[in-house]
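Colleague: Okay, predicted coordinates and the sequence, questions at the end:
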Amino acid sequence: MRLQLASPSEHRELFNLPWPTPLAEWPDENMSDPGGLHRHIVRFLEVGEITYVLKELPEPLAEREYRLLRALAAEDIPAATAIGVVTDRGADNNGEGILITRHIDFSLPYRVLLSGRGLKIPYLGDRLLDALVGLLVRLHLAGFSWGDCSLSNTLFRRDAGALVAFVIDVETGELHPSLTDGQRSIDLTIAVENVAGGLLDLEAGGYLAPGIDPWATAEDVERRYQELWTELTAEEEFGAGDVYRIDKRLDRLHDLGFDAAEIEFTSTGDGRRLRLVPRVVETGFFAPRLQALTGLVTGENQARRLLDNLREFGARQDQTTQRRLPEPLIAARWLEQVYEPAINAVPRELDDKLEPAELFHQLLEHRWFLSEREGRDVGMAAAVQNYSAHVLKSAPDELRVIDPPTVELRITALDPDHAQGDYVFDPSLDVRPADGAERTGTDQRDDESDDESDDESDDHAFRKRYPPVI
Ligand SMILES: Nc1ncnc2c1ncn2[C@@H]1O[C@H](COP(=O)(O)OP(=O)(O)O)[C@@H](O)[C@H]1O
Ligand SMILES: [Mg+2]
């Protein structure tokens, strides 16, 4: 038996597992099945705080998938984290190895998302496809052709109203220094077919909302891909006088969650024109910023939302102290006085419902809606209490989601009425301010109102660019 581990000191418990035993025969204790569609035997194993995913597959494939996942992680692509690979498991195993990845906590399979279970996501259909397309573009920029891009080989995580897609199944993938247009095009064709397949599968079970054409929806993947690829990679010419347009272009890249590695200015014909050659490298702009300031690891949209809140907090601090405080100091105070008290006020037994950054985003939304209805700022403490009791308590746990078989699902979120709903706030909710909950003054509320209208115009712009397809 041969066990290769990427960070052995963090995963000592893996040394003593019954690796030579076929995975199907492992004792059920601490193990569960992921559900959903898959080719190989896949089982979840909980060891202390960590959930591992074990997949049994022929050794060369297991080793290949292990190497590819590690390479993708090195490129900052959102992917399942490869922990190790087990080979030479003895004669009983017919050359089957085991790939060990870390469970992506709080990730949601597409079937769960499209069944409308749990807290709603505005414009769900659009966001699901955009997340998938964003992932495929990132992979292609890194020189990776997936070969099996599909909804069931992807997991989705909430990101402040949007979704981030993670690649989990890459055994068919190939990593090259870069991809030709032809290689990208083949990969995109596979993606379109697989997405159609995923939706047809739901349709066959009678769970696809009426009026949705799986093929038309799948073909929209292609349109969105081309649009994003062009936005990220097209070369533009600038007149000497409109250097500001380069700023705008960079802002647009940041808004899409990318950054440019290099800008190249070249003189052209009349010697006065400039050319921008964007090369996209990073998986985020705001998330690394927030992480550097606070240590919080979040999605890109969550980071943007939290940074806005942090900056508002900073502006109020500056007003109080009558001088500009350094950003790291503001960040430390914000964590201590705003973020952590809000998260800690949510009862512990609700910890597995949402990851903390998403929870904070939803608390901000909820506070804004309650305050709008009351015509005054209700304060964070009241918002947390109300949200925990009336929204979070009845929501399903999302820490580890078991993907149910098709027949158990009913599609509601793809219904246009649902898909176009916004943050779901029940107007009949009671606002009972918590004891000692402070009113923090209307200036703060105004700030957050501005915040919200920004969000709305974002949504508006988003919908103009990407009209709903499902
Ligand atoms: N790292 C992970 N985190 C959470 N769930 C996972 C992870 N890896 C796999 N799964 C779950 O297991 C299922 C099967 O995994 P996959 O790698 O696609 O296997 P197969 O090669 O058999 O298709 C996925 O659809 C997903 O639901
Ligand atoms: Mg798969």
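Modeller: Cool, got the structure. Ligands and ions are numbered 1, 2, ... in the order given.
Colleague: C-alpha only now, for contacts and for neighbours.
Modeller: Will do.
Colleague: Show me this protein divided up by domain.
Modeller: The record's domain split for the chain, according to automatic domain parsing, is 2-102, 107-232, 236-283, 286-398.
Colleague: from the ones you listed, which stretch is densest packed?
Modeller: Most buried of the domains of the chain by mean neighbour count (mean count of other CA atoms under 10 Å) is domain 107-232; its value is a mean of 20.
Colleague: near ligand 1 at all, that domain?
Modeller: Yes - in terms of CA under 6 Å from any ligand atom, part of domain 107-232 sits within range of ligand 1, namely 152-153, 168-169.
Colleague: nearest to residue 358, of those?
Modeller: Distance ranking of these against residue 358, using CA to CA, places residue 168 first at 21.7 Å.
Colleague: what residue ranges in the chain score low on pLDDT?
Modeller: Flagging of the chain using pLDDT under 70 yields the residue ranges 115-118, 207-212, 240, 267-283, 404-470.
Colleague: next structured bit after the strand or helix carrying residue 61?
Modeller: Using DSSP states H and E, residue 61 sits within helix 59-74. Stepping forward along the backbone from helix 59-74, the first helix or strand reached (DSSP H and E) is strand 81-87.
Colleague: That next one vs helix 59-74, what angle?
Modeller: Orientation note: strand 81-87 sits at an angle of 160 degrees relative to helix 59-74 (axes from the mean of the first three to the mean of the last three CA atoms, to 10 degrees).
Colleague: Okay, now the sheet partners of strand 81-87, with direction.
Modeller: For strand 81-87, the paired strands and their directions (DSSP bridges) read strand 2-5 (antiparallel), strand 96-102 (antiparallel).
Colleague: right, and the ones you listed - which one's nearest ligand 2?
Modeller: The stretch from these with the least distance to ligand 2 (CA to the ion) is strand 96-102; that distance is 13.0 Å.
Colleague: does ligand 1 sit close to that closest one?
Modeller: Yes - if you take CA under 6 Å from any ligand atom as the test, strand 96-102 does meet ligand 1, through 101-102.
Colleague: give me the subset of the residues of domain 107-232 next to ligand 1 touching ligand 2.
Modeller: Restricting these to those adjacent to ligand 2 (criterion: CA under 5 Å from the ion) gives residue 153.
Colleague: Need the residues of domain 107-232 next to ligand 1 in a markdown table (columns: secondary structure).
Modeller: Formatted as a markdown table, the entries for the residues of domain 107-232 next to ligand 1 read as follows, by DSSP: H, G, I helix; E, B strand; the rest coil:
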| residue | secondary structure |
| --- | --- |
| 152 | helix |
| 153 | helix |
| 168 | coil |
| 169 | coil |
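Colleague: Just put the residues of domain 107-232 next to ligand 1 in CSV and tack on distance to residue 196.
Modeller: Output for these, formatted as CSV (distance: CA to CA, whole Å):
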residue, distance to residue 196
152, 12
153, 14
168, 19
169, 18
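Colleague: residues contacting residue 31?
Modeller: When contacts are counted by CA atoms under 8 Å, 6 or more residues apart in numbering, residue 31 touches 43-46.
Colleague: What about those, which are in strands?
Modeller: Members of these lying in strands (criterion: DSSP state E): 43-46.
Colleague: so the most centrally placed residue in the chain bridges to which residues?
Modeller: Here the mean C-alpha position of the chain is nearest to the C-alpha of residue 164 (CA atoms, centre = their mean), at a distance of 2.2 Å. Note on residue 164: beta-bridge partners residue 157, judged by DSSP bridges.
Colleague: about what we covered before: any idea which of the residues of domain 107-232 next to ligand 1 is closest to residue 401?
Modeller: Nearest to residue 401 among the residues of domain 107-232 next to ligand 1, with distances taken as CA to CA, is residue 152, at 13.7 Å.
Colleague: ok, that closest one to residue 170 distance?
Modeller: Distance, residue 152 to residue 170, using CA to CA, to the nearest Å: 12 Å.
Colleague: which bits of the stretch 1-150 of the chain sit near ligand 2?
Modeller: residue 38.
Colleague: Please name the residues that touch the residue of the stretch 1-150 of the chain found nearest ligand 2.
Modeller: Using CA to the ion, the point where the stretch 1-150 of the chain gets nearest to ligand 2 is residue 38, with a distance of 4.8 Å. Residue 38 sits next to no residue when contact means CA under 8 Å, 6+ apart.
Colleague: Need the phi and psi values for it.
Modeller: Main-chain dihedrals, residue 38, degrees, to the nearest 10: phi -160, psi 160.
Colleague: check contacts around the residue in the stretch 301-450 of the chain that ligand 2 sits nearest to.
Modeller: Nearest to ligand 2, among the residues of the stretch 301-450 of the chain, is residue 403, at 12.5 Å (CA to the ion). Residues counted as contacts of residue 403 (CA under 8 Å, 6+ apart) are 34-36, 109, 111-112.
Colleague: got CSV for these, with secondary structure and distance to residue 11 too?
Modeller: Below are the contacts of residue 403 laid out as CSV (DSSP: H, G, I helix; E, B strand; the rest coil; distance: CA to CA, whole Å):
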residue, secondary structure, distance to residue 11
34, coil, 21
35, strand, 25
36, coil, 27
109, coil, 26
111, helix, 31
112, helix, 30
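Colleague: which of these lies closest to ligand 1?
Modeller: Within the set of the contacts of residue 403, residue 34 lies nearest ligand 1; the separation is 5.1 Å, counting by CA to the nearest ligand atom.
Colleague: Relative to residue 43, how far out is that closest one?
Modeller: 6 Å.
Colleague: residue in the stretch 101-250 of the chain nearest to ligand 1?
Modeller: Shortest the stretch 101-250 of the chain-to-ligand 1 distance, computed as CA to the nearest ligand atom: residue-wise this is residue 103, at 3.4 Å.
Colleague: Can you report phi and psi for that residue?
Modeller: Backbone torsions for residue 103, taken as degrees, to the nearest 10, come to phi -60, psi 130.
Colleague: Run a quick neighbour tally on it.
Modeller: Applying other CA atoms under 10 Å, we find 21 residues neighbouring residue 103.
Colleague: Could you list which residues are in contact with it?
Modeller: Taking CA under 8 Å, 6+ apart as the test, what residue 103 contacts is 44, 50-53, 80-81.
Colleague: State the distance from the closest residue to ligand 2 within the stretch 151-300 of the chain to residue 83.
Modeller: For the stretch 151-300 of the chain, the residue positioned closest to ligand 2 under CA to the ion is residue 153, at a distance of 4.6 Å. From residue 153 across to residue 83, the span is 18 Å (CA to CA).
Colleague: and what of residue 126?
Modeller: In this structure, residue 126 and residue 83 are 33 Å apart, going by CA to CA.
Colleague: before we move on, what about residue 32?
Modeller: Computed as CA to CA, the residue 32 to residue 83 distance reads 19 Å.
Colleague: Contacts only, for residue 100.
Modeller: Listed by CA under 8 Å, 6+ apart, the contact partners of residue 100 are 52-55, 82-85.
Colleague: Any idea what it is bridged to?
Modeller: Assessed by DSSP bridges, residue 100 has beta-bridge partners residue 54, residue 84.
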